[in-house]
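Colleague: need coordinates for the below:
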Amino acid sequence: MATRSSILLTGAAGNIGTFLRDRLPQHGYRLRLFDSRPVEGEPDAVTAELHDREALRAAMAGADAVVHLAAIPLEAPFEEILHANIEGTYRLYEAAREAGVRRVVLASSNHAVGFTPVPAEGAPLIPGTVPHRPDTFYGLSKCFGEDLAALYWDRHGIESVSLRIGSCFRAPRSVRMLSTWLSPDDCARLVHAALTAEGVGHTVVYGSSANTRLWWDLSGARALGYEPRDDSEPYAAALLAAEGEGPQPGDAWLGGAFCTDSPPTRTP
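Modeller: Coordinates of the predicted model:
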């Protein structure tokens with residue numbers, strides 16, 4: 001598959017969206033930006049909800065592919081997750097189908113498998129084939145997204161790469177993130193690989209940098225052509241000094257504190 005030139009980027013005002021706005025053009029892409037919030041410094045960005053069918057259809061028209069980040073990025077009451085993450089992702093795929101777009105890069109999450117036990121030192125890394133074990137309604141919405149992507153591949157021939165993203169920040173913020181960190185530069189490399197790999201059908205891969213303390217297997221991402229260049233280890237000494245080596249809530253599971261925190265409730 002040739003490099004895509006015109007990409008619809010949803011969730012463009014968010015954390016990862018901001019990183020990709022700065023970096024994907026360096027890989028040769030022209031971006032169309034879409035978010036429910038205004039995108040700072042981008043007057044041509046579309047400000048609309050995914051439920052706005054006409055706005056989404058107009059943004060999708062003529063796009064070569066979609067990078068779909070738009071979602072509530074943390075746990076929230078189910079009704080909110082249902083509206084934004086589940087129904088919103090369905091509407092995104094329907095718009096892609098109607099517009100004839102043939103490739104979607106979908107932001108999934110490690111929280112789709114959050115109740116998977118963290119591997120012991122020296123044990124095999126967690127494979128991409130591990131069954132869904134969501135840790136929250138948020139994680140459940142990412143399971144839905146992966147399964148929806150599989151349906152649209154089997155039924156409509158839309159290829160997708162679902163990226164189970166770990167922790168994408170400029171630097172890791174906790175000891176746990178030493179294992180899950182995805183640097184902004186590696187994030188752009190991963191998305192570029194997901195956009196350009198041949199014959200992906202529906203593929204699920206983990207998204208992180210080449211961390212010394214990595215928990216999951218990156219071979220699926222590497223098979224797409226992803227070559228991570230960053231490692232969280234230079235941040236380890238400072239984070240360990242700040243937090244200590246003792247156990248933290250949720251340390252037994254991949255989802256960390258998402259597995260132990262009380263879920264939020266909807267305000268009447």
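Colleague: avg pLDDT for stretch 58-77?
Modeller: Stretch 58-77 comes out with an average pLDDT of 97.
Colleague: what ranges does the protein have for its strands?
Modeller: Along the chain, counting by DSSP state E, strands occupy 6-10, 30-35, 46-47, 65-68, 103-109, 159-165, 202-207.
Colleague: pipe those into JSON lines and attach distance to Ile81 and mean neighbour count per row.
Modeller: Every C-beta, even on glycine, is put in place using the N, C-alpha and C of the backbone. Formatted as JSON lines, those follow (distance: least, Cβ to Cβ, whole Å; neighbours: other Cβ atoms under 10 Å):
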{"stretch": "strand 6-10", "distance to Ile81": "16", "mean neighbour count": "24"}
{"stretch": "strand 30-35", "distance to Ile81": "18", "mean neighbour count": "21"}
{"stretch": "strand 46-47", "distance to Ile81": "22", "mean neighbour count": "18"}
{"stretch": "strand 65-68", "distance to Ile81": "16", "mean neighbour count": "26"}
{"stretch": "strand 103-109", "distance to Ile81": "12", "mean neighbour count": "25"}
{"stretch": "strand 159-165", "distance to Ile81": "17", "mean neighbour count": "26"}
{"stretch": "strand 202-207", "distance to Ile81": "20", "mean neighbour count": "24"}
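Colleague: out of the ones you listed, which is closest to Ala123?
Modeller: In terms of Cβ to Cβ, the element of these nearest to Ala123 is strand 202-207, at 16.0 Å.
Colleague: follow-up on the earlier one: could you redo the strands of the chain as a markdown table and give each row distance to Ile16?
Modeller: Below are the strands of the chain laid out as a markdown table (distance: least, Cβ to Cβ, whole Å):
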| stretch | distance to Ile16 |
| --- | --- |
| strand 6-10 | 10 |
| strand 30-35 | 12 |
| strand 46-47 | 18 |
| strand 65-68 | 9 |
| strand 103-109 | 7 |
| strand 159-165 | 7 |
| strand 202-207 | 10 |
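Colleague: burial count for the residue nearest to His156 when sequence neighbours are not counted?
Modeller: Nearest non-adjacent residue to His156, counting by Cβ to Cβ, 6 or more residues apart in numbering: Arg97, 5.2 Å away. By other Cβ atoms under 10 Å, 16 other residues sit near Arg97.
Colleague: ok, Arg97 - contacts?
Modeller: Tyr152, His156, Ile158 (Cβ atoms under 8 Å, 6 or more residues apart in numbering).
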